[in-house]
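S.K.: sharing a model prediction with you, sequence too.
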Amino acid sequence: MIAENLLEQFLSTSNFLTAYRRIASKKAAGGLDGITVEEFGHRLDQHITKLQKDIRERRYIPQPAAVTYIPKFNEENEWRELGLPSVADKVVQAAMLEVVEPLAEKMFLDCSYAYRPGTGHYKAIRRVENSLNNRKKTWVVQRDIDNFFDTVDHNRLMEQFSALVQGEPTMVELVALWCRMGLVEKNGRWRNVQAGIRQGGVISPLLANLYLHPLDVFATKLGVDWIRYADDYVILGESQEEVVSSDVQIVEFLKDSLGLMLNRDESSPKHIDEGFTFLGVRFCGKERAIDTKKIKKMKKKIRWLLAQKMVKTPEEVISKLTNQVESWQRYYSFLNPTRQFSEIDCFIEKEFLTLATSKIQTGKWDRIPPQGLSFPSLIADGKRDGFKKWEGLWAQAIKTVETDDVNHDTARINHSVEKKISRKRQKCRKESGESGNLIVTTPGHFVGKRGERIVVMSKQRIVSELPVVRLSGLTLSGRGVSISGDVVELCMKKDVYIHFVDNLGKIIAVVGPPGGSSGEVSLLQITERDKEKGLTLAKMFILGKVKNQFALLKYYFKYPLNRENGFGKIFVERRQFLSDGIEKIKNATVLSDPETFRQQMMGWEGAFGAAYWEIVGHLFRNGVQFSGRVRHGATDLVNSALNYGYGILYGDCLNAVIRTGLNPMAGFLHSYQTGKPTLIYDLIEEFRPFAVDRGIFTMLNRGERLEQGDDGMLATETRKKISKSVISRLSNEVWFHGRRLTLREVIQEQAYNIKRHLSDKAQYHPFLGRW
């Protein structure tokens, strides 16, 4: 009977109206259906009636939450994932909260301070102070639960919620639906949910406290002072032994009873004289202050709020800064942190001046300041002073702009001239590189020579031609393409290599002028392979590859569209692993056993590569499917395109190695393979992300028409597009050792650098692309 009354109370119209007002007052954003709070309110009675009816008849199904991300402003630059319900679902959750929150509050203990009426950050800090000063609990363990909101066990949570509502089935089912309903990324991709509570839901904070309530009950029986704020907590006791013993028991309880793990801080326990941090406040002896890490986060948030793309008008800037400053004042003023507040105030003013100067210089803001604005300060100095500060800062920005106008006119002109010349030079070199590389992919085409021109013919008709003097490369791809002996002879005289490539991008044959590798250099390659020089080269090839892969992921992560979808989430999750992997490879010492060292290197590179391709799989839009990297026998579009692009890059690496006089069969990283040019496999590694990956990813996300035939092979037009993309990248200028070279020239330079490294003339360093 109690459960039935609870359901009726939940479904009452007055309760739903209260719930709507609660949502409307917060001006909450809409969810996946795009309906705003205002739009929902225009037909409020109809919406509420339908929701009530659907819930009674067990036909209500919530919308999947729309995924968005907000920065955490921590040292790892992580982003917090939020799942935003639709307005209708928020109203239902708020109506549920109105009914179940009073029940939960009767049960919850006074040691829990987050997301509860009449509690909060300030009271949690005061409770810690009471334990330290009045109860003499001077030994402290501070912990936080690892990835709490994403790892809550749904079955345990449903048992707890069912007990709270006396087993009322409709209400229990609703909570189960909210917890288990999938998520939809901004690119439209569905993501299943196996565990966790979605941050962003109206009822999520209560569910979080409900799940951790057994922890509160357990911890308060241990004889120590226990204070919890969401997934952060402190244990305070009179002795080190007491808090350590309690810590061990709590860790076991979290694992065994709740299925949760901790972010372990090996620095705990601490005496108050050593100091500890809780909720952004540093406790040390009698001193209380804002923690230095929190100060850094505050500065990061200011930079984010004042980022060029984040603001459009001065009024918007002042509004954002005022809201943030007032929030920090409410949170930290009780500490009276005058010095730290002053530091933040100065930082805000400096960042604002940078923004205002830039906006005024570019004409996005008028030089005349908007009237009536008051610049906020953490150290309260009255609105009148706020008006004066606003006028003073604006005057400083104008003065800086005018000074720059006078001092930098000449510099701007010089820079403009250099930029135009550089742009023209790059264009000429790129066009020369692209147009000089002839790639023939269409079956039935014939490559011949007429006078001083190379011609491509189909059925006696010229379809393409190129002056002999501009020829720098020739690739024949696919079956049914033929070439005249005159063209072969010409290529040999011009030192142009001819590549024969199959439909997968694999090089079948290379025709080049006589000469090839030097016997002396070949011997050097073989004798140094298992010594320090050879093993260092193996390490450098891998280091270059993983660094460029990591740089490419960071390049994509800087775009908001990528940060706010599945790519952003998984990149944040795996970023530290990738960074640690690079450091591991970078700091590896050459082992006395060469094969063990190579296997170690390849193992680390393999783990890094698996993470790289896993993250890349979340990058694609437009319905592109990619389940993982396939190097041989690929049948899907992404892998086929990558393999074909690598084949073209392979040809340039082979040319560079042969021209240098190196033996392509004698590599340093890859094992000897009969008839396989393992040195090419080595050299190509550091260039794959820059020359091929980025171009392929861009074409796929841009929605370019890349197709495969019925046989699974890439279509002729697709091969042409990929060839053009790779050749364009190879013809682009990049910075390399203080010079501007085309990427093709860098590959040639790196081949020479291998030779110099072996001859003790220079240390080999991998090419690192700039994004």
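M.R.: Yep, that arrived. Numbers count the residues shown, from 1 in each chain.
S.K.: C-alpha only now, for contacts and for neighbours.
M.R.: Fine.
S.K.: residues in contact with residue 601?
M.R.: Applying CA atoms under 8 Å, 6 or more residues apart in numbering, we find residue 601 in contact with 539, 542, 585.
S.K.: try 7 Å
M.R.: By CA atoms under 7 Å, 6 or more residues apart in numbering, the contact list for residue 601 reads 539, 585.
S.K.: over to residue 143?
M.R.: Contact analysis of residue 143 by CA under 7 Å, 6+ apart lists 232-234, 263-264.
S.K.: partner strands of the helix or strand containing it, with direction?
M.R.: Using DSSP states H and E, residue 143 falls within strand 139-145. With DSSP bridges as the test, strand 139-145 is paired with strand 232-237 (antiparallel), strand 262-263 (antiparallel), strand 270-271 (antiparallel).
S.K.: can you get me a residue count around the residue lying closest to residue 136 once chain neighbours are set aside?
M.R.: Distances taken as CA to CA, 6 or more residues apart in numbering put residue 238 closest to residue 136, at 6.5 Å, once the chain neighbours are dropped. Residue 238 has 18 neighbouring residues, counting by other CA atoms under 10 Å.
S.K.: identify the residues contacting residue 238.
M.R.: Going by CA under 7 Å, 6+ apart, residue 238 touches 136-139.
S.K.: mind checking how far it is from residue 274?
M.R.: 15 Å (CA to CA, to the nearest Å).
S.K.: ok, now residue 20?
M.R.: 49 Å.
S.K.: same deal with residue 110?
M.R.: 28 Å.
S.K.: packing partners for the helix or strand in which residue 99 is found?
M.R.: Per DSSP H and E: residue 99 is located in helix 87-107. Other elements packing on helix 87-107 under the criterion 3 or more CA pairs under 7 Å, 6 or more residues apart in numbering; DSSP states H and E are helix 2-11, helix 13-25.
S.K.: what sits against residue 175?
M.R.: Taking CA under 7 Å, 6+ apart as the test, residue 175 contacts no residue whatsoever.
S.K.: and the pLDDT for it?
M.R.: On the pLDDT scale, residue 175 is placed at 96.
S.K.: now residue 568, nearest residue through space, not along the chain?
M.R.: residue 562 (5.6 Å).
S.K.: ok, the one you found touching residue 571?
M.R.: No. Contact criterion CA atoms under 7 Å: residue 562 and residue 571 do not qualify, at 9.8 Å.
S.K.: just to revisit the earlier point, so which bits of the strand holding residue 143 are buried?
M.R.: Using 16 or more other CA atoms under 10 Å as the test for burial, strand 139-145 gives 139-145.
S.K.: ok, now stretch 552-559?
M.R.: Buried-residue list, stretch 552-559, by 16+ other CA under 10 Å: 552-553, 556-557.
S.K.: quick one: the strands in the stretch 151-300 of the chain?
M.R.: 183-184, 190-191, 225-229, 232-237, 262-263, 270-271, 276-278, 281-284, 287-290 (DSSP state E, counting those that start in this stretch).
S.K.: looking at residue 562 and residue 571, which is more packed in?
M.R.: residue 571 (27 against 20).
S.K.: check for me that that one belongs to a strand.
M.R.: No. Counting by DSSP: H, G, I helix; E, B strand; the rest coil, residue 571 is located in no strand; its state is helix.
S.K.: quick check: next helix or strand after the least confident helix or strand in the chain by mean pLDDT?
M.R.: Counting by mean pLDDT, DSSP states H and E, the chain has its least confident helix or strand at helix 409-436, which shows a mean of 53. Sequence order places strand 437-440 as the next helix or strand after helix 409-436, per DSSP H and E.
S.K.: on that earlier part again, among the buried residues of stretch 552-559, which lie within helices?
M.R.: 552-553, 556-557 (DSSP state H).
S.K.: most widely separated two among those?
M.R.: Within these, 552 and 557 form the most distant pair, 8.6 Å apart (CA to CA).
S.K.: out of the strands of the stretch 151-300 of the chain, flag the one nearest residue 470.
M.R.: Comparing the strands of the stretch 151-300 of the chain under CA to CA, the one sitting nearest is strand 190-191, at 50.7 Å.
S.K.: other SSEs contacting that closest one?
M.R.: strand 183-184.
S.K.: so how far is residue 485 from the residue of the chain most remote from its centre?
M.R.: When distances to the mean C-alpha position of the chain are computed (CA atoms, centre = their mean), the maximum falls on residue 451, with 54.7 Å. In this view, residue 451 and residue 485 are 14 Å apart by CA to CA.
S.K.: could you pull out the strands for the stretch 401-550 of the chain?
M.R.: So, for the stretch 401-550 of the chain - with DSSP E, counting those that start in this stretch - the strands run 437-440, 446-450, 453-458, 461-467, 473-477, 482-483, 498-501, 507-511.
S.K.: looks to me like residue 391 is in a helix.
M.R.: Yes. Applying three-state DSSP, one finds residue 391 inside a helix.
S.K.: could you report the neighbour count for the closest residue to it other than its chain neighbours?
M.R.: In space, and not counting its chain neighbours, residue 391 is closest to residue 369: 7.5 Å by CA to CA, 6+ apart. When neighbours are counted by other CA under 10 Å, residue 369 registers 14.
S.K.: pLDDT at residue 369, what is it?
M.R.: For residue 369, pLDDT reads 83.
S.K.: pLDDT below threshold where in the stretch 501-650 of the chain?
M.R.: Low-confidence segments of the stretch 501-650 of the chain (pLDDT under 70): 503-507, 514-518.
S.K.: where exactly do the helices run in it?
M.R.: According to DSSP state H, counting those that start in this stretch, the stretch 501-650 of the chain carries its helices in the segments 519-528, 532-557, 560-563, 566-587, 594-616, 637-660.
S.K.: tell me which of the ones you listed lies nearest to residue 64.
M.R.: helix 566-587 (15.0 Å).
S.K.: from the contact counts, what lies against that closest one?
M.R.: Against helix 566-587 (3+ CA pairs under 7 Å, 6+ apart) you get helix 532-557, helix 594-616.
S.K.: let's see it at 10 Å
M.R.: Applying 3 or more CA pairs under 10 Å, 6 or more residues apart in numbering; DSSP states H and E, we find helix 566-587 packed against strand 65-71, strand 79-84, helix 532-557, helix 560-563, helix 594-616.
S.K.: residues of the helix or strand hosting residue 126 that come out buried?
M.R.: Here residue 126, judged by DSSP H and E, is contained in helix 121-133. Buried residues in helix 121-133, counted by 16+ other CA under 10 Å: 121, 124-125, 127-129, 131-132.
S.K.: tell me how far residue 745 lies from residue 729.
M.R.: 12 Å.
S.K.: ok, now residue 537?
M.R.: Residue 537 is 25 Å from residue 729, by CA to CA.
S.K.: coming back round to it: quick check: angle from the helix holding residue 126 to strand 232-237?
M.R.: Between helix 121-133 and strand 232-237, the angle comes out at 20 degrees (axes from the mean of the first three to the mean of the last three CA atoms, to 10 degrees).
S.K.: can I get the CA coordinates of helix 121-133 in CSV?
M.R.: What follows is helix 121-133, C-alpha atoms only, in CSV (Å, rounded to 0.1, in the frame of the first residue of the first chain):
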residue,chain,number,x,y,z
HIS,A,121,31.5,22.0,0.2
TYR,A,122,31.8,24.6,3.0
LYS,A,123,30.1,22.4,5.6
ALA,A,124,32.4,19.4,4.6
ILE,A,125,35.4,21.6,5.2
ARG,A,126,34.1,22.8,8.5
ARG,A,127,33.5,19.2,9.5
VAL,A,128,37.1,18.4,8.8
GLU,A,129,38.2,21.4,10.8
ASN,A,130,36.1,20.2,13.8
SER,A,131,37.8,16.8,13.6
LEU,A,132,41.3,18.3,13.5
ASN,A,133,40.9,21.0,16.1
